[in-house]
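# dropping a prediction and its sequence here:
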Amino acid sequence: MVIPAPRRTPCRRRAPARTLNAGESEREAGGRVDAGKGEGVDVCVVGAGPVGLTLAIALRRLGLRVRIVDKAPAAKHEARALVLWARAREALDSLGVGEVLRRHGMEPAAVTIHARDRFLGELTTGWALSAHARPLNIEQHAIERLLREELARLGTRVEWNTEVTDLKVHEDRAEYTLRHGDGTVESAAAPWIVGCEGTASVVRDRLGIPFEGRRRTGLQVVQGNARPTWPLGERPGRGHIFLAPHRSLLVFPLPGGGFRFFCFRDDPDPALTAAPTVDELRDLVADTTRIPGLRLETTEPLSLNRARFSDRVAARLRHGRGLLAGDAAHAWAPVGGHGMNVGILGAHNLAWKLAAVHRGQADEGLLDTYCDEQRRMAVRYVREMRFNFMELPLPPLGHRAFTATVPGALARRGFQRRLDLCLSDLRRNHRGGALSRHHPALHRRSGPHAGDRMPDVRVTAAGSPVARRLHTLLAYERWTLVLRAEWAAPGTLAALRAACARSPLPVRILPVTPRDGIEAGRLGRPDRLYLVRPDGYVGLVAPLARTALLRDYLAVLAPRQKIRPHRPH
């Protein structure tokens, strides 16, 4: 494994080595610290959307002091993103907000597919092996409200009406200028700044990072929330997709009743930028569904939106002490509904790495692994979503050809499972990345590969006879070394502890016993170890007897030198 060479910039003093064993419950990250404005801030987060809020919560849970600003005068309430897929739900659950989001959302069980008024089949959800197997329908403004409430409980509140107007990064800090709503200008500094403020990112612009890509032509999205009068009824947990030439219509149930109507269509008048009217939305829905007598009653408050998009990815996601996340780093047309999810996963990837570097527990090159992994994931999405014909509007010939294949495909369980897993993001991985090291002798064996999400198998751990999901035994505040309990002899555990003790990173050694043979097969052979990152991906897979490989892996992550931390004047 090779981590990119670090930039020689000051970082926090190296923390003492520490190894946690099964059954320990202390919080490695330390307690909460009230974050004030200006001085004493470790990270300034710019942008209070789902990504910025997720990042701020993750950093606060890791004990860092966070300031989060947004140029908007207040929170927005409009039709935007709607769905959280399984992997993003797992990430948010690890930060302690999964359950509150679930209570305010709804999990659709099935989606019916129509070619206008012709039924093509049904797509079912819940095939994924996860505690959050189904997607969660919850509106973006509700996600933001719940995340803000959690962040406030952690001691940090959003500073609205506060715009970053300038930024300079130095070797040991980022200096930035803020313009407040009352016209006053503030100069401030923090060791780190992260731009999460959307496609028109000032942070990205001031860092001099190109936003590479192009505008998507011939496509617009018209969406709104409404209660329809139609023969399909309003069955809880059931959505619909209607396919027609030059448009596709997605209709998903909302937690508070009614539906989100989301229409991808051609763009006959690119100059039209005004929000759609209720009549325009109704005519689009009626023409696409061919349902006679269709009426729409809009919800309160009125949520109607028209948008056009570009497919762009920042050339890099870091410049010294400045980083990018969310739409500031990558954006594409919302085909598949994954933009917010990928941004949340990026924040989940970044926060633990930033905290480890800031504390001096890891080399600064660790931040470059965030940039490489997240950028690679975004590029894959941009490429793959161009072929999502279930949502992209097709010309008449392409529409006829595609809809002819849909009934046969939906009739196959294997297709249903593969599609559901693809949508869930659970199979997205970081294989081949600098943090993913898989011993060559194990390449053709069963179990997760380095870079994969650690399977959520049911296991029993030391001291508890009750089988639990493995993900409940992992923690965002630490790495976890998973091994089979029957191979955890005293000598083996002593060697593993000695290997971990050399690293300043917190590692919990976790011997487990799979519940049954099926779960054991998912976990792989018993003679290997899995070092799981704080974000739930496998970093190292190695033979259990080769503890030197574990020691070497952790040594590569270690900071190259001790430098006194910067203290603001």
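Nice, I can see it.

# quick one, what contacts the closest residue to His338 other than its chain neighbours?
Nearest residue to His338, sequence neighbours excluded (Cβ to Cβ, 6 or more residues apart in numbering): Tyr381, at 6.0 Å. For glycine as for every other residue, the C-beta is placed from the backbone atoms N, C-alpha and C. Going by Cβ atoms under 8 Å, 6 or more residues apart in numbering, Tyr381 touches His330, Trp332, Gly336, His338, Val342.

# cutoff 10 Å now
Taking Cβ atoms under 10 Å, 6 or more residues apart in numbering, we find Tyr381 in contact with Asp311, Val313, His330, Trp332, Val335, Gly336, His338, Gly339, Asn341, Val342, Asp425, Arg428.

# convert the host helix or strand of it to CSV, retaining C-alpha atoms only.
Here Tyr381 sits within helix 365-385, counting by DSSP states H and E. The C-alpha trace of helix 365-385 is given here as CSV (Å, rounded to 0.1, in the frame of the first residue of the first chain):
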residue,chain,number,x,y,z
GLY,A,365,-1.5,11.9,2.8
LEU,A,366,-4.6,10.2,4.3
LEU,A,367,-6.6,13.2,3.1
ASP,A,368,-5.5,12.6,-0.4
THR,A,369,-7.1,9.1,-0.2
TYR,A,370,-10.4,10.8,0.4
CYS,A,371,-9.9,12.9,-2.7
ASP,A,372,-9.0,9.9,-4.8
GLU,A,373,-11.8,7.6,-3.6
GLN,A,374,-14.5,10.2,-3.7
ARG,A,375,-13.5,11.5,-7.1
ARG,A,376,-13.4,8.0,-8.6
MET,A,377,-16.9,7.3,-7.2
ALA,A,378,-18.3,10.5,-8.7
VAL,A,379,-16.7,9.8,-12.1
ARG,A,380,-18.3,6.3,-12.2
TYR,A,381,-21.7,7.8,-11.4
VAL,A,382,-21.5,10.4,-14.1
ARG,A,383,-20.6,7.6,-16.6
GLU,A,384,-23.2,5.1,-15.4
MET,A,385,-26.2,7.4,-15.1
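
# quick revisit: so of the contacts of Tyr381, which ones are in strands?
Within the contacts of Tyr381, residues falling in strands by DSSP state E are Asp311, Val313, His330.

# against Leu421, how distant is Arg400?
As for Arg400, its distance to Leu421 is 28 Å (criterion: Cβ to Cβ, to the nearest Å).

# mind checking which of the two has more residues around it?
Between Arg400 and Leu421, counted using other Cβ atoms under 10 Å, Leu421 has the larger neighbour count: 17 against 12.

# I'd say Leu232 and Pro253 touch.
No: Leu232 lies out of contact with Pro253 (Cβ atoms under 10 Å); the separation is 11.1 Å.

# the more surrounded of these two?
In this view Leu232 and Pro253 are compared by other Cβ under 10 Å, and Pro253 has more residues nearby, 20 against 14.

# endpoints of stretch 64-75, how far apart?
Stretch 64-75 has an end-to-end distance of 24 Å (criterion: Cα to Cα, to the nearest Å).

# just the buried positions in that stretch, please.
Buried residues in stretch 64-75, counted by 16 or more other Cβ atoms under 10 Å: Leu64, Arg65, Val66, Arg67, Ile68, Val69, Asp70, Lys71.

# tell me the secondary structure at the fourth one.
This means Arg67. strand (DSSP: H, G, I helix; E, B strand; the rest coil).

# that one against Pro191, yeah?
No: using Cβ under 10 Å, Arg67 makes no contact with Pro191, being 11.6 Å away.

# what touches both of these two?
With Cβ under 10 Å, 6+ apart, Arg67 and Pro191 have common neighbours Val41, Asp42, Val43, Cys44.

# want to throw these into a markdown table with distance to Leu435?
Shown next, in a markdown table, are the shared contacts of Arg67 and Pro191 (distance: Cβ to Cβ, whole Å):
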| residue | distance to Leu435 |
| --- | --- |
| Val41 | 28 |
| Asp42 | 23 |
| Val43 | 21 |
| Cys44 | 26 |
